[in-house]
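> Coordinates for the following, if possible.
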Amino acid sequence: MLRRGFDELRRSLDNINLITTDVFDTLLLRHGLSQRSRLVAGEDQFARFLRGQGSAIRPDELVRARLLAERFAYRALNMEGGPGEVRLVDVIGRQLAILGLSESLVEKRLAIELAIEKRALFANGELAMLLRCHRQAGIRVVAVSDTGLPGEKVAELIDYFHGPGLVDRIYSSADLGASKRQGELFSRVLEAEGVPASRTLHIGDDPVADCLVPGRMGIKTVHLPKSSAKRLLSRADGAATEAMRRIRHHSIRSRQVRPAANDQVSFGRAVFGPIVAEFCLFLWLYCQQVRSEDSTLLFCARGGIGIREAFERLLLSLGLPLPLRRENVLISRLVAARSAVVTRSPVVLDELGREFKGASFAAVASALGGRSYDLPAAWRQAFEPSRFFAMLDTDAGRAVGDDIRAQNDLFKIHLQQISGNARRIILCDTGLYGSTQRLLAAGLPDRGFETVQFARCNYKGLSEDHFPKVAGLVVEDRLYNPFKVRTVVLRYWQIIESLFEPAIPSVRQLGMAENGAVVGNSGDIRYGRLDPARGNPLLAGALQYIDDLSGGAEALRDADRAWSKLKQAITNPSEADMIALGVGPRSVDFGRSDVVHIVSQAEQAGVRQKLMSVKSQLWREGAIARDFPRLKPALLGAIEMAHVLRGVSARLHR
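Residues are numbered from 1 along each chain as shown. All right, here's what the predicted structure looks like:
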C-alpha cells in the first residue's frame, strides 16, 4: 500500500490546486521510539536541568504529573464532545503548576521536547521530493497536523529535516482548536486556502483521520501507512519504558515510611488527606481544559459540599488558579427524578423501580410530590414502573403531578440563578452510577450536563448510555480488583460518601425565599455558610493535611502510600481501623426516612447464623473482623483470594 501511495503521487495531479500533508509519521518519520519513551527521556533531561536550579523534583514525579495533565485534559475535551485540541504548552503549564514550578519554565521544557523529537525523527525524503515537484508545478502545499505543538514549532522541525521552503503554510490543531479526526481542521484549511474539497489532495498515515474523514468531505486522499514492524517496535518500546518507570516508581515509593494513624482525625490526615488531595488535583487538571466563559462547575449536595471545601483549600494551599465559575447546587436523586418524570422519560422508571421495589404507588407519590396524599386503593398496590405515568394521568394522580412540576420549576429557577446561561454544566459529586446525571439529562435536555465524580461504577446493572458524560476521576471499574489498589473503595463505598457529606439532610423540598432565591430543606449550602467537617473527624483530618500541603508532588507521593494503607484497613481491618472507618447508619434518601446499617448490630446467634448474615453487610470485612476475631485471617484471606481469582479471570478474558 505504501508503494502504491507513492506511485499515485508520481502521476500528474490534474484538477488539484492544494496538497495537504500530515506531518508526524508521514512527512517526518520515527526511528521506532514510542511516545512514552520520548516523554521519559525528556523528563529525565528536564530533571537534570531543574537540579541545576536547586529543585529536588525527581524524573518520575515529572513523568507522572505530565501524564496526569495529559490524561485529564483529553478527558475533559472528549466529555465536551465538540471541536478542540489539547495544547502542549497548556499541558506543560499544568504539569509545572501542580509540582509548584514556575510557569516561566514552559519554554525550557518545550525546547527539550523539540530536542528529543529531533533525535527521534528523520526526514521522509521520497515524499519531500514529490511534494517539491508538485509545488514547482504550481500546486500549493500545506502541512496539516493533529498535534499539541504550535505551528511555529512544527515549522522548526520540518525545516530542521527538510530545509526551508517545503510547505507554504502549517495548520496545527493546537493553534486552531480543531482536529483532523473530527473534520473541523480540514474545513478550516479549505476555508483559509479558498480551495474546494474536490480540488484538494490529502496525504497521511492514519486510516481514519487522514483517509476516512477527509474522504467523506470530498477530499481526495493518499494513504501512506506505517509498516506493521514499525508499529510493533513502537508498542514494544512503549511497554518496556512503562515497565521500567513503574519499577523505579515502586522502588522509590516502597522506601517511604509514615507513622500509623491511631484515631479518626489522624487517620483522616494520614490516609484520606493525600487521597482527597490527589482527587482535587485531578479535578483541577480536568477543569483547566474547560472554557470558563460558557461553563459552570456545580458541587452537588450533599457529597459535593465536602468536595468543594477540600477543593477550594487545595487551590489556596498550592496557589492554583481557576477562573471557572463555581457554585453549590441544591440537588439530589429525588430532585433530578422529578425533572425526568415531568418529561415522562423512561430512564426514571428504571431508577424508581430499583429504589421502591416492594413499596406502593402511594409511597412513590409521597416521595416525589413531597407530601402525603389521600389516594384511592389502587395507589396502595405494589409499585409497577410501567404503570406509573398512567397513574399520574388519572384524576387522583393529578395533584401528585402538579406538585412534581411545581418542585421541578423551582429547581429550574435555582439552576438558572447559580449557572446563568452556561452552555456546559459540570456536576461534581462522589459517585458511583451517576443517577443524577442520567435523570437531569433526560429531564432537562436543553442543558449540557456532564458529571465528574470520585468514582464511577455500574453497581446497579442498569443502562450505561450516560457513561460517556460521567467521569470517575479516581476510579472507573465494575468491581473491586485486588490488582488495582484504588478500586478498594468499591468494597466499602459508604466510607467515601460519609467522608464528604456534611451533617445535613438530603435535598427533598425546594421553596422560594423572600428575596427570590430558591432554598431547600437542607439549609443554606452556599460555600462558606456551613462547615462540612463539623462532626466529621475524617474530613477534618483530611483538611488539615491539605492546609499544610507544600506541593502537588508531595500529595501524589503520599497518595500512593495512603491508598495501600486504606486497602489494608478496608480488606483486613485492625481494631484501630474499625474505629477509624466506623460509619453510623446511612440514610436511604430518595424522599424516605429509612436508614441502613453499614455493619448491622451483633446479635446473639450461632456461628452459622453469623456467617450467613455476613453476605448482607455493606462492609463485610468489618463484620468479619468484629464477629470472628479468631477466624478473621482465614475468612478474609478466602475473600481476597476470591477477588484475586476473579481479577485474573477478567484479565484473561479481555
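> where does residue 167 fall, helix, sheet strand or coil?
coil (DSSP: H, G, I helix; E, B strand; the rest coil).
> Nearest spatial neighbour of it, chain-adjacent residues omitted?
The shortest distance from residue 167 to any non-neighbouring residue, by Cβ to Cβ, 6 or more residues apart in numbering, is to residue 143 (4.7 Å). In short, each C-beta sits where N, CA and C put it, glycine included.
> Tell me which other helices or strands the strand or helix carrying residue 127 touches.
In this structure, residue 127 sits in helix 125-136 according to DSSP states H and E. If you count contacts as 3 or more Cβ pairs under 8 Å, 6 or more residues apart in numbering; DSSP states H and E, helix 125-136 packs onto helix 2-10, strand 18-21, strand 140-145.
> can you give me the strands for the stretch 401-550 of the chain?
424-429, 448-456, 470-476, 510-512, 518-520 (DSSP state E, counting those that start in this stretch).
> Report the angle between the helix holding residue 127 and strand 140-145.
Interaxial angle, helix 125-136 versus strand 140-145 (axes from the mean of the first three to the mean of the last three Cα atoms, to 10 degrees): 140 degrees.
> list the buried ones in helix 125-136?
Neighbour-count burial for helix 125-136 flags 127, 128, 130, 131, 134, 135 (criterion: 16 or more other Cβ atoms under 10 Å).
> Please identify which of these is nearest to residue 561.
residue 127 (50.7 Å; Cβ to Cβ).
> Now the residue nearest to residue 88 when sequence neighbours are not counted: phi and psi?
Residue nearest to residue 88 in three dimensions, not counting chain neighbours: residue 148, with 3.4 Å by Cβ to Cβ, 6+ apart. Per-residue torsions, residue 148: phi -80, psi -10 (degrees, to the nearest 10).
> What separation is there between residue 148 and residue 74?
Residue 148 sits 10 Å away from residue 74, going by Cβ to Cβ, to the nearest Å.
> Of the two, which one has the most company?
residue 148 (20 against 15; other Cβ atoms under 10 Å).
> who's in contact with the more buried one?
85, 86, 87, 88, 89, 91, 174 (Cβ atoms under 8 Å, 6 or more residues apart in numbering).
> still on that earlier bit, which of the buried residues of helix 125-136 lies at the shortest distance from residue 299?
Once Cβ to Cβ is applied, the member of these that ends up nearest residue 299 is residue 127, at 51.9 Å.
> picking up where we left off before, of all the helices and strands packed on helix 125-136, which one comes closest to residue 446?
strand 140-145 (35.4 Å).
> For that closest one, what is the distance to the chain centroid?
With Cα atoms, centre = their mean, to the nearest Å as the basis, strand 140-145 stands 34 Å off its chain's centre.
> what about the chain, any weak spots by pLDDT?
1-3, 5, 227-262, 585-588, 591-616, 650-654 (pLDDT under 70).
> Let me see the contact set for the residue lying farthest from the centre of it.
The C-alpha centroid of the chain is most remote from residue 137, which lies 49.9 Å away (Cα atoms, centre = their mean). For residue 137, the contact set (Cβ under 8 Å, 6+ apart) comprises residue 13.
> any idea how far it is from residue 27?
On the measure of Cβ to Cβ, residue 137 and residue 27 end up 19 Å apart.
> same thing with residue 103?
For residue 103 relative to residue 27 (Cβ to Cβ), the value is 32 Å.
> ok, the buried residues of helix 125-136 vs residue 639, which is closest?
Nearest member of those to residue 639, counting by Cβ to Cβ, is residue 127, at 59.2 Å.
> and the nearest residue to the closest one once chain neighbours are set aside, how many residues sit next to it?
Spatially, and ignoring its direct neighbours in sequence, residue 127 is nearest to residue 27 (6.1 Å; Cβ to Cβ, 6+ apart). Other residues near residue 27 number 28, with proximity taken as other Cβ under 10 Å.
> Can you pull the phi and psi angles for residue 27?
phi -80, psi -30.
> So it is in contact with residue 21, correct?
Yes. Counting by Cβ atoms under 8 Å, residue 27 touches residue 21, with 5.4 Å between them.
> which residues do these two both contact?
With Cβ under 8 Å, 6+ apart, residue 27 and residue 21 have common neighbours 127, 131, 143.
> what ranges do the helices span in the stretch 51-200 of the chain?
Assigned by DSSP state H, counting those that start in this stretch, the helices in the stretch 51-200 of the chain fall at 59-80, 88-98, 106-120, 125-136, 151-162, 173-176, 184-193.
> Could I have the CA atoms of the fifth one written out in PDB?
This means helix 151-162. Provided in PDB are the C-alpha atoms of helix 151-162 (Å, rounded to 0.1, in the frame of the first residue of the first chain):
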ATOM      1  CA  GLY A 151       2.600  25.700  14.200                       C
ATOM      2  CA  GLU A 152       5.900  27.600  14.700                       C
ATOM      3  CA  LYS A 153       7.400  24.500  16.500                       C
ATOM      4  CA  VAL A 154       6.100  22.200  13.800                       C
ATOM      5  CA  ALA A 155       7.800  24.500  11.200                       C
ATOM      6  CA  GLU A 156      11.000  24.300  13.200                       C
ATOM      7  CA  LEU A 157      11.000  20.500  12.900                       C
ATOM      8  CA  ILE A 158      10.100  20.500   9.200                       C
ATOM      9  CA  ASP A 159      12.800  23.000   8.400                       C
ATOM     10  CA  TYR A 160      15.400  21.100  10.500                       C
ATOM     11  CA  PHE A 161      14.900  17.900   8.500                       C
ATOM     12  CA  HIS A 162      13.900  19.200   5.100                       C
END
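> which of the residues in that helix are buried?
Buried residues in helix 151-162 (16+ other Cβ under 10 Å): 151, 153, 154, 155, 157, 158, 161, 162.
> Out of those residues, which comes closest to residue 514?
residue 151 (56.5 Å).
> and residue 7, how many neighbours?
10.
> Quick check: the residue nearest to residue 636 when sequence neighbours are not counted vs residue 621, distance?
Spatial nearest neighbour of residue 636, excluding adjacent residues (Cβ to Cβ, 6+ apart): residue 572 at 5.3 Å. Per Cβ to Cβ, residue 572 is found 7 Å from residue 621.
> Check which helix or strand the residue nearest to residue 320 when sequence neighbours are not counted maps to.
The shortest distance from residue 320 to any non-neighbouring residue, by Cβ to Cβ, 6+ apart, is to residue 284 (5.5 Å). Assigned by DSSP H and E, residue 284 falls within helix 273-288.
> just checking, what packs against that helix?
helix 59-80, helix 88-98, helix 303-318, strand 448-456, strand 470-476, helix 537-547, helix 552-571.
> for stretch 470-488, the distance to its chain's centre please.
On Cα atoms, centre = their mean, the centre of stretch 470-488 falls 12 Å from that of its chain.
> Pull out the buried residues from it.
Applying 16+ other Cβ under 10 Å to stretch 470-488 flags 470-477, 480-482, 486-488 as buried.
> among those, which two are most distant?
Farthest pair in these, by Cβ to Cβ: 470 and 482, 24.8 Å.
> And the helices in the stretch 251-400 of the chain, which stretches?
Using DSSP H, counting those that start in this stretch, helices in the stretch 251-400 of the chain cover 264-267, 273-288, 303-318, 333-342, 347-355, 361-369, 385-392, 398-419.
> Would you tell me which of these gets closest to residue 325?
helix 398-419 (7.6 Å).
> ok so, going back, and of the helices and strands packed on helix 125-136, who's closest to residue 368?
strand 140-145 (53.0 Å).
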